[in-house]
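Q: What follows is a predicted protein model with its sequence.
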Amino acid sequence: MTTTAKDLTKEAPASPASRVGGYVILARLADKARAKFLGGNVGGYHTDCPLDHYLLDWKGIVYDEIKQEIVNGADDAALAAYLDTHGQQKTPEEVAAWSDSMEQDSLYSDPQKRDGFAQRASQLGLDPETTSTFQFLAADDQANH
């Protein structure tokens, strides 16, 4: 797996649905962190953001811990191994179930985020009521690249 820092003004980070070691979000988190801390260009993307924290908080890992692994050169497979051995222990079945649920989750179901999500999803030609957060992010990435 990669340790190269991307220029996120020219290409999007990995889809949040990309799984590394069974974990969704990890590949995207790593792409953004490498861009910010290893000489790429993070562009308008954010690190240590709410999406990153869905994974980190579920595992009980502090952002600075995973950031340090990335800065030290860990590739995506090494990051997944790190998640397997740090924070709250999860079985492969728990990781798969959580990742599956995250793929189906939608910001539309969050009353505080619904209006903004619905507005932007509609601008992207998506039906906010049936669009998952990951589908929304993929469409937003495509619209910006």
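A: Looks like it arrived, so ask away. Residues are numbered from 1 along each chain as shown.
Q: Poorly predicted segments of the protein, please.
A: 1-2 (pLDDT under 70).
Q: how's it carved up into domains?
A: For the chain, automatic domain parsing gives the domain ranges 1-104, 106-145.
Q: Switch the ones you listed over to a markdown table; also include mean neighbour count.
A: Backbone N, C-alpha and C define where each C-beta goes, glycine included. Listed next are the domains of the chain as a markdown table, based on neighbours: other Cβ atoms under 10 Å:
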| stretch | mean neighbour count |
| --- | --- |
| domain 1-104 | 17 |
| domain 106-145 | 15 |
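Q: Find the centremost residue of the chain, please.
A: Centroid check for the chain by Cα atoms, centre = their mean gives I25 as the closest residue, at 3.1 Å.
Q: That residue reaches D52, doesn't it?
A: Yes - between I25 and D52 there is a contact at 6.8 Å, judged by Cβ atoms under 8 Å.
Q: Grab the nearest non-local neighbour of A14.
A: A27 (3.7 Å; Cβ to Cβ, 6 or more residues apart in numbering).
Q: re the thing from before, which ones are touching the residue nearest to the centre of the chain?
A: Shown in contact with I25 (Cβ atoms under 8 Å, 6 or more residues apart in numbering): P16, L51, D52, Y54, L55, M102.
Q: Of all pairs in those, which one spans the longest distance?
A: Using Cβ to Cβ, the contacts of I25 span at most 12.3 Å, a distance reached by D52 and M102.
Q: can you pull out the helices in the chain?
A: 26-37, 50-59, 63-71, 76-85, 92-104, 114-123, 133-144 (DSSP state H).
Q: With distance to K6 as added columns, please give those helices in JSON lines.
A: Shown next, in JSON lines, are these (distance: least, Cβ to Cβ, whole Å):
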{"stretch": "helix 26-37", "distance to K6": "5"}
{"stretch": "helix 50-59", "distance to K6": "16"}
{"stretch": "helix 63-71", "distance to K6": "13"}
{"stretch": "helix 76-85", "distance to K6": "13"}
{"stretch": "helix 92-104", "distance to K6": "22"}
{"stretch": "helix 114-123", "distance to K6": "23"}
{"stretch": "helix 133-144", "distance to K6": "12"}
